[in-house]
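**Q** Quick one, what's the 3D model for this:
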Amino acid sequence: MADKKTDSVTITDVTLREFGQNVPGTHLHIFTPGIRARIASELIDAGFRSLEVLSCINPKVAPAMHEDALRKISEDLGRVDGVNIITLVPNLTGYKTFRSLGLGSDGYNHTMGVFFSAVEAHNLSNLGRPIEETVAEYRTILMDASLRHIRVVAYISAAFGYMDPERGAVVKADLREINRHIDLLFDFGSRTVTLSDLQGVAGKDETARILETILDLRKGRDRDRIGYHPHHVSGDQALANSKAAFDLGIRRFDASLGGTGGCITGAPGNQPTERLVQFFGRSAIETGVDEKGVFSLAERVSIELHSRIPIS
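**A** Presented below is the predicted three-dimensional model:
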């Protein structure tokens with residue numbers, strides 16, 4: 001008799017958004033909107049109920065996120081009930097794009113993802129302005145989103161530190177400030193807040209220390225609404241960090257097929273979705289994902305896309 005599953009987690013696949021943001025314009029004939037919609041559909045068929053697909057950012061930064069491509073992918077996918085399809089929105093301009101594409105609750109019903117950094121230097125590099133200004137604009141955006149019944153999730157980047165190239169050293173995030181940001185995001189209406197190790201600067205012990213400190217500051221509040229997003233060149237290290245997070249009660253994890261992706265500011269890849277599903281399956285933890293199906297999809301994506309598209 002098979003072992004009974006004793007716990008469950010939610011895995012959000014971020015392949016299409018993070019890998020897509022880094023595909024150069026010269027290779028978009030390979031990474032077409034139709035292929036991206038097909039992969040999203042196959043992820044859903046494999047059992048994923050949460051995935052990042054689009055980002056309303058400037059196409060000069062990420063050509064694959066051109067508005068025409070976003071429109072085509074949205075049309076091909078259609079409105080998918082029971083699945084949390086997340087589109088990232090970095091600012092007011094992105095929010096206007098989100099609405100003009102009909103991604104809100106009265107259209108394709110995507111969840112809007114908002115994000116900023118826990119470290120000022122990275123926020124300036126990634127979003128081009130101070131954290132305080134970013135949060136102030138999100139306050140306006142999220143008030144309007146609430147009136148329109150748009151679902152929201154949030155991300156805090158560099159929560160585990162940031163290797164500042166100007167200083168040549170890792171800048172530590174203020175964990176009390178992170179806790180205040182989490183409260184603020186929940187107050188703004190975010191359903192979840194995911195903490196990202198942007199550059200894979202924390203090992204499993206440091207990951208555990210930081211998460212435990214934040215959870216202690218929160219006195220157990222909203223533990224089930226906090227997620228973990230590791231970037232790391234080593235899939236093994238990212239998985240070890242996720243195990244440390246799971247042991248502390250975190251039940252939401254981000255991953256990508258084959259471990260590809262990263263941030264346009266130079267973050268390394270992600271933990272491999274297929275290996276994370278396998279790890280939890282072997283640990284008798286329910287993911288709701290077809291392990292064989294996701295391994296097959298990861299292999300095909302690696303052969304048909306990753307191996308054909310050079311991304312530095």
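
**Q** all strands of the protein, in order?
**A** Ranges of strands in the chain, per DSSP state E, are 7-8, 10-13, 50-55, 84-88, 111-117, 152-157, 162-164, 169-171, 193-197, 226-230, 252-255, 285-286.

**Q** what lines up beside the first one in the sheet?
**A** Read that as strand 7-8. Here strand 7-8 is paired, per DSSP bridges, with strand 285-286 (parallel).

**Q** circling back: and Ser146, which of the strands of the chain is closest to it?
**A** Smallest distance to Ser146 across the strands of the chain (C-beta to C-beta): 8.0 Å, for strand 152-157. Placement of C-beta: from N, CA and C, glycine included.

**Q** Partner strands of that closest one, with direction?
**A** strand 111-117 (parallel), strand 193-197 (parallel).

**Q** re earlier: would you turn the strands of the chain into TSV with distance to Ala136 and mean pLDDT?
**A** Converted to TSV, those look like this (distance: least, C-beta to C-beta, whole Å; pLDDT from 0 to 100):
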stretch	distance to Ala136	mean pLDDT
strand 7-8	37	94
strand 10-13	27	98
strand 50-55	21	97
strand 84-88	19	98
strand 111-117	11	98
strand 152-157	15	98
strand 162-164	21	91
strand 169-171	22	93
strand 193-197	18	97
strand 226-230	23	97
strand 252-255	26	98
strand 285-286	40	97
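
**Q** got the ones you listed as CSV, with distance to Arg209 and mean neighbour count columns?
**A** Below are those laid out as CSV (distance: least, C-beta to C-beta, whole Å; neighbours: other C-beta atoms under 10 Å):
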stretch, distance to Arg209, mean neighbour count
strand 7-8, 23, 11
strand 10-13, 24, 24
strand 50-55, 27, 26
strand 84-88, 28, 23
strand 111-117, 20, 24
strand 152-157, 17, 24
strand 162-164, 17, 21
strand 169-171, 14, 15
strand 193-197, 13, 24
strand 226-230, 14, 26
strand 252-255, 19, 25
strand 285-286, 23, 14
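
**Q** Redo those as JSON lines? Include distance to Leu101.
**A** Converted to JSON lines, the strands of the chain look like this (distance: least, C-beta to C-beta, whole Å):
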{"stretch": "strand 7-8", "distance to Leu101": "33"}
{"stretch": "strand 10-13", "distance to Leu101": "21"}
{"stretch": "strand 50-55", "distance to Leu101": "9"}
{"stretch": "strand 84-88", "distance to Leu101": "9"}
{"stretch": "strand 111-117", "distance to Leu101": "12"}
{"stretch": "strand 152-157", "distance to Leu101": "17"}
{"stretch": "strand 162-164", "distance to Leu101": "32"}
{"stretch": "strand 169-171", "distance to Leu101": "36"}
{"stretch": "strand 193-197", "distance to Leu101": "23"}
{"stretch": "strand 226-230", "distance to Leu101": "25"}
{"stretch": "strand 252-255", "distance to Leu101": "23"}
{"stretch": "strand 285-286", "distance to Leu101": "34"}
